[in-house]
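Enquirer: kindly return the folded structure for what I paste below:
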Amino acid sequence: MDILEQAYRELQKSLQKAHVKSNALFVMDSSSKDQKKVRDQSKTETEQTKTTLSHASKTLAGTIQGSFGEKLTQVLEEQEKFLSDF
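Expert: Numbers count the residues shown, from 1 in each chain. You can find the predicted model right below:
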């Protein structure tokens, strides 16, 4: 009887280890998918922001005259470049 109980306990331990490993793999896979989703979303948002900045820069360059308009256009172009490098 003692041998059977010991074998049963060993089997339980093995099953628990397998369960823990299975859960760890599931969590790692979920984390990887979430990271890819965040990267994709941030890339999309960055592209949209760059497009908006470019459009605003072109629109304001023709609308606002003088040194303020030039400075504003320069700042928007710098921000667009920053997002491109990001």
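Enquirer: which helix or strand contains Ser31?
Expert: Element membership for Ser31, per DSSP states H and E: helix 2-63.
Enquirer: in the following helix or strand past that helix, which residues are buried?
Expert: Once helix 2-63 ends, the next helix or strand along the chain (criterion: DSSP H and E) is helix 66-85. Using 16 or more other C-beta atoms under 10 Å as the test for burial, helix 66-85 gives Leu72, Thr73, Leu76, Gln79, Glu80, Leu83. C-beta coordinates here come from the backbone N, C-alpha and C atoms, glycine included.
Enquirer: tell me the one of those nearest Leu25?
Expert: Closest approach between these and Leu25, by C-beta to C-beta: Leu83, at 36.2 Å.
Enquirer: quick one, what contacts that closest one?
Expert: Residues in contact with Leu83, defined by C-beta atoms under 8 Å, 6 or more residues apart in numbering, are Thr46, Thr49, Lys50, Leu53.
Enquirer: what sits closest to the first one if chain neighbours are left out?
Expert: Using C-beta to C-beta, 6 or more residues apart in numbering and skipping residues adjacent in sequence, the residue nearest Thr46 is Leu83, 5.4 Å away.
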